[in-house]
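Engineer: sequence first, then the predicted structure:
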Amino acid sequence: MVANHLEQLPTDPAADNLVEVVGLTVDFGVQEVLRDISLQVPRGEILALIGESGCGKSVLLKSMIGLIKPTSGRVLFDGRELSRLSDKILTEQRARFGFLFQQGALFDSLTVGQNIAFPLRQHRKLSLAEVELIVRDRLFDVGLPEAVVYKKPAELSGGMRKRVALARALAMDPELLLYDEPTTGLDPIMSDVINELILRTRQQYPVTSVVVTHDMHTVRKVADRVVMVHPVPRLSDGEPQIIYDGPASGLDECEDRRVRQFIRGEAGERLNELRQLRAMG
């Protein structure tokens, strides 16, 4: 792999946790989205973040890389608090992250090759030949033929666009790879292709991964550890927002009924809550 030419900050390779979230609270105006979240992500782990829509999973994901600043609390990456870094250093730190957005977020006006090359041209001083080699290597990593390099995203299937987006995320050799609903909108076979790629990526590269997903097949197949968060408005006073933190194998036996209902897709109690709210309104 090509060496990173960005300014390097001193690191602590002996530190067990690549990411640490300490007492993180995020408010948008009067709306509290995250409340006093604390968790650690050890190096090399695949962590799955689950929970119903609106519970703050994507906000937590973006907070982990400094895209959203805490209202209170801290987020540390490799031992450094992101909110205390200058804009210049934070930009350089972000080159150590890869982000697979829910819809891929590819540039429609660029070819596949230009999309994958985009972060390299922005952050690395590489020759055209070096860039082209990385582009083709990353396409190979995600199981796409070289022929797609000249195609536009609109010419590709949903699964192929997801794989191009993963290739772009891998182009910078990230230490932390974040997946936001990587299998949404895909058929079961293509979803499993993405799951296999998540696992293969961890095998091929020294990468730590955080996966936001509603797909329980993805959770059970790829996750070393699962964290489930619950929507703040539905918490009791003083109740922690993280209601499960453990292996995927422990989800079925979890004593918290909210966890069991979520993983089984049981809507009965939630429907009763909605009926009560409607009656009160």
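Structural biologist: Arrived safely, thanks for sending. Residues are numbered from 1 along each chain as shown.
Engineer: can you check the pLDDT for Pro10?
Structural biologist: For Pro10, the pLDDT comes out at 41.
Engineer: please read the previous query as pertaining to Phe118.
Structural biologist: Looking at Phe118, the pLDDT reads 89.
Engineer: residue contacts, it?
Structural biologist: Phe107, Leu110, Arg168 (C-beta atoms under 8 Å, 6 or more residues apart in numbering). The C-beta positions use only the backbone N, C-alpha and C, and glycine is treated the same way.
Engineer: show me which of those are buried.
Structural biologist: Buried residues within these, counting neighbours by 16 or more other C-beta atoms under 10 Å: Arg168.
Engineer: out of the contacts of Phe118, which sit inside helices?
Structural biologist: Arg168 (DSSP state H).
Engineer: can you tell me which of the contacts of Phe118 is closest to Asp36?
Structural biologist: Arg168 (34.3 Å; C-beta to C-beta).
Engineer: now, which of the contacts of Phe118 sits nearest Arg220?
Structural biologist: Arg168 (27.2 Å).
Engineer: how near is the closest one to Leu49?
Structural biologist: For Arg168, the distance to Leu49 equals 22 Å [C-beta to C-beta, to the nearest Å].
Engineer: same thing with Ala223?
Structural biologist: 9 Å.
Engineer: shared neighbours of those two, anything?
Structural biologist: Here Ala223 and Leu49 have Val211 as joint contacts, going by C-beta under 8 Å, 6+ apart.
Engineer: which of the two has more neighbours?
Structural biologist: Leu49 (26 against 23; other C-beta atoms under 10 Å).
Engineer: residue contacts, Ser38?
Structural biologist: Residues in contact with Ser38 (C-beta under 8 Å, 6+ apart) are Val21, Val22, Gly23, Leu24, Gly73, Ile242.
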